[in-house]
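Engineer: structure for this input, please:
(chains A, B and C)
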Amino acid sequence: MLKMIVCMKQVPMVSDLPWDPVTGTLTRDAAEGMMNPACKHALEAALMLKERHGGHITAMTMGPPMAEEILREAIALGADRCLMVSDPKMAGADTLATSFTLARAIEIFCPDFDLILCGCHTSDSETAQVGPQLAEELDIPSIAAVEDLDLRGNTLRIKRVSDNFLETLEMDTPGLVTVATGFFMPRYASMAGLQDAFREPGILTVGARDLGLGEDAVGLQGSATRIVDIFSPVAKKENIVLKGAPKKIVEELFERFDDTIGSLIRKDLKAVE
Amino acid sequence: MEFDACMKHKLVRKSVREFAEAELGPVAHEIDQEARFPLEVVEKMRPLNFFGLQVPKEYGGAGIDSISYAIAIEEISRVSGSLGLCLTVHNSVGISPILRYGTKEQKERFVPRLSGGECIGAFCLTEANAGSDAGGVETHAVFTGGQYVINGTKIFVTNGGVCGLPLIFAITDPQARPGRNASVFIMEKGMPGFSVGEIEDLCGMRANPVSSLFFEDCRVGRENLLGKEGDGLKIGLDALDIGRIGIGAQAVGIAQAAYEASVKYSRERQQFRKPISSFQSIQNMLADMATEIDAARLLVYRASERKDSGRPFGKEASMAKLYASATASRVTGKAVQIHGGYGYSKEYDVERYFRDAKVTEIYEGTSEIQRMVISRAILAEPV
Amino acid sequence: MAQKRRSIWVFGDYRNYFQNRVTLQLLSRATDLAEKIDAEVCATVFGHEVDEWVGEYIAHGAAKVYVCDNPGLKFYSTDIYVALMERIVRQYGPEIILVGATSFGREFTPRLAKRLKTGLTADCVGLDIDDAGLLVQTAPAFGGNLLTRIVTPEKRPQMATVRPGVFQEIPHNYQATGEIVNVPLSGDLPKDRVRLISSERQASREQKLGEAPVVVCGGRGMGSKTRFKNLFELARVLGGEVGATRPVVYAKWADEDALVGQADRHISPKVLFSFGVSGAIQHTAGIKNTGFIIAVNKNPNAAMMKMADVAIVADAGQVCTALIRELKKRIRT
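Structural biologist: Just a heads-up that it's a prediction; the model follows:
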């Protein structure tokens, strides 16, 4: 049976940018959380493999206690088991510390996995690094941004576009893939699934001690990078407003911005028009 | 009581909202304009158990709790009141009477078809001379030759144009006292003598195919009688208690949509070189809207919670329905006012919310009937 | 013994050389940074028969090029490249490694950083040196709506992947000279656990949209599918591509591959025409690198209008039609 782990992250809702432009600070607490979109695609890929070949899916996240919600959601969508890695000491982890911590949890709680699936990147920090670094930490092969995958025996066959090349690749399990968005369109949670997702009262939650990790190995202390500051890029646009009848506006547009849009006119179409 | 704060209910809300905004959102405006029932969306709702929300698993449903149910109806209605109406009627008055009063055979025969969305349910009480007054029903069922022969016309049937298994309310014993003279039958589309009228051209809820249903010498066996002969009124009143939670939730959803549109618009719309949200008169309206919606929502969840904990909830459901529907009307009216001329335009959604809201004060018991139900309950309480 | 000079390395990513100039852009930026910390700029080239690229990198500012030449390195391979790179990094100890944030760069570099147990900042849009001599890496977050400045205080090397197009390459100078270090490959190459079955170059529509110099983007404000179709005609006349917002794709007015915003659906046209787009951050995240924005919307306060160079307050469909007419008139004359 194909044993899969889907690593997922809770991110702030895309519609609520956790940023107060007046004070210039992050307002992370205010934002509602959701499953990172790419992680949803990764889960969908796992569900597809499970439907095709049978299998068992462990949904796993590292995050604050409220991140339990995305694990429940994963159960509602069809995951079989959850693992929550949560510890205040783990806050502020960069990708190096995150992948290190996830690897230790996997070694202890699901060591006999065949395939790990991650989203290709998160919508908040957007590094796309945790997947490949987790594979490196576990010393298994990885393929990023896969668009199609299937299994024959213990060989994964993968299609993806990498730098304008359509590639077909193979690797043997155990391995790790990160799943591109735009493929494996996620299903919606059914109402029955949502009901079932909350049948179990508790979710297996492990902290740094359970993983045998000291404070210096996880979170900010275990990280190599430091954030200096966060800021909002300021648009330096003149923002000229045009009003009136469409025909007049278009004429004005060409008059005033001929240097920008005049050059776009395709003289090569002259013959055919 | 923290109704909405638990993770489950939050996740139900997010999940239904995600579906509704993605799948229903793009067509919500158009199906209202074209008065079209969106079968393509309904098709996607079926496997997600939207047609068997509270039906137990063994009959193909989701078996969700009543607050989750209210949230689901609320979120669908927030995007399209018409679809919210379809769902609440189907799930509450369309299915719950069979679950409550049906025999094991009836449940096995009818409920899976309904909960899978293969057949859409309806509940037919209203007639030309009967609505608030159930005693005015003229449709009758005469038992003869081992079968009931049913004749009559039902009007303003929600889901009428698409229903497959409507429940109808008919007089079985004209001699019995009112309250014991009627029964409920499960009718099946395709039965000889059962036909569907034109889709009504209504002010709101235009994407719901509301129509008349005609029964001419329609013959059904005892296996289509729900409960016992004469149980009609009891079954009907019971169903409506549950239905009112759904209509309350629907009204909250419509009001919520109008409120959100108003907040957004008042921030963007500038007059006198300021966003109109900076004017106190607009702020007052927004504050009232938010407060009333919250109060209505809490009333709906309270009734739901009482239902799940097995306590009487009829009075609470009526209060929720009365207050939520009035709130929907008031809030959508204010939303039109805030939007000014644009609010009166069919190009903007608030006009649709305004039209959709009104009928929540009318169907499944008018506001006047709700007050009657509530006052009777109050006055029956020991001094 | 002379003190070992500090160095800034640029990973030579030569695939798609003509479209993707990120390595040259990084050599240019590395030259500026190197002045501030008194370092030399080096490039690495892995592959087979790669003299052409070695010459290019020297002409674009590399003082030294580390070359691994072997038939087995012909195709990019994360496993093999990471192993080789680790070996020479440990041997020569660069202060900074910069890699283009191409698909390969973003797959290869995280593993390398992990192997070296050092920090890595993804998809940088700014690089500088602070007073302490640390590399300050500016990376986007939340779809480019926020920027984060990141340093790696202690671990070495400091590593970053850098978004193509952020820095300007310096003009080539074929008179420039540089040292070429041929890295001896003793014995077998490291093993590759990923097998390449096939690889073919392709230019998908999505990439055409991503690289198009002119994009005509439409939102719900276009009103209907019929009116949305006019955008395709406008795009044709402008020699551009059509982009769409999420609601438009949901409503099936446009295909999924026209989607702009979120999930790597970035565009960076010189000119963007935006019709009836409200400007939800999911969408605007995808247009951060746009040159000139002309937005049309009936609502002057829509977010999209606020971020435009020219905001036209009018019906999007009517302006689109008027624009097509005007352009065709000008094409004829």
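Engineer: now do the SS call for residue 143.
Structural biologist: Because you didn't say which chain, this covers chain A. strand (DSSP: H, G, I helix; E, B strand; the rest coil).
Engineer: meant chain B, my bad for not saying
Structural biologist: Under three-state DSSP, residue B:143 comes out as strand.
Engineer: now do the contacts for it.
Structural biologist: B:149, B:172 (C-beta atoms under 8 Å, 6 or more residues apart in numbering or on different chains). All C-beta spots, glycine's among them, are computed from the backbone N, C-alpha and C.
Engineer: got the buried residues for the helix or strand hosting residue C:42?
Structural biologist: Assessed by DSSP states H and E, residue C:42 sits inside strand C:39-47. By neighbour count with 16 or more other C-beta atoms under 10 Å in any protein chain shown, strand C:39-47 contains the buried residues C:39, C:40, C:41, C:42, C:43, C:44, C:45, C:46, C:47.
Engineer: ok, stretch B:371-383 next?
Structural biologist: B:373, B:374.
Engineer: go on, stretch B:106-116?
Structural biologist: Neighbour-count burial for stretch B:106-116 [16+ other C-beta under 10 Å]: B:106, B:107, B:109, B:110, B:111, B:112, B:113, B:114, B:115, B:116.
Engineer: which among those residues gets closest to residue A:204?
Structural biologist: Ranked by distance to residue A:204 (C-beta to C-beta), those are led by residue B:115 at 32.9 Å.
Engineer: phi and psi next, for the residue nearest to that closest one when sequence neighbours are not counted.
Structural biologist: Sequence neighbours aside, residue B:52 is the residue nearest to residue B:115 in space, at 2.6 Å (criterion: C-beta to C-beta, 6 or more residues apart in numbering or on different chains). According to degrees, to the nearest 10, the main-chain angles of residue B:52 amount to phi -140, psi 50.
Engineer: quick one: stretch A:115-127 near chain C?
Structural biologist: Yes. Using C-beta under 8 Å from any C-beta of the partner chain, stretch A:115-127 reaches chain C at A:120, A:121, A:123, A:124, A:125, A:126, A:127.
Engineer: to the chain's geometric centre, what's the distance from that stretch?
Structural biologist: 3 Å (C-alpha atoms, centre = their mean, to the nearest Å).
Engineer: one more: stretch C:227-246?
Structural biologist: Between the centre of stretch C:227-246 and the centre of its chain there are 24 Å (C-alpha atoms, centre = their mean).
Engineer: could I get the buried residue list for it?
Structural biologist: Neighbour count says stretch C:227-246 has C:227-228, C:230-231, C:233-235, C:237-238, C:240-246 buried, by 16+ other C-beta under 10 Å.
Engineer: what about it, how long is it end to end?
Structural biologist: Terminal residues of stretch C:227-246 lie 17 Å apart, using C-alpha to C-alpha, to the nearest Å.
Engineer: just to revisit the earlier point, any figure for the gap between the residue nearest to residue B:115 and chain C?
Structural biologist: 26 Å (C-beta to the nearest C-beta, to the nearest Å).
Engineer: who are the contact partners of that residue?
Structural biologist: Per C-beta under 8 Å, 6+ apart, neighbours of residue B:52: B:59, B:60, B:61, B:62, B:91, B:95, B:111, B:114, B:115, B:116, B:117.
Engineer: hmm, the last one is touching residue B:46, no?
Structural biologist: Yes. Because the distance of 3.6 Å satisfies C-beta atoms under 8 Å, residue B:117 is recorded as touching residue B:46.
Engineer: tell me who's in contact with residue B:342.
Structural biologist: Residue B:342 touches B:265, B:348, counting by C-beta under 8 Å, 6+ apart.
Engineer: state the phi and psi torsions of it.
Structural biologist: phi -70, psi -30.
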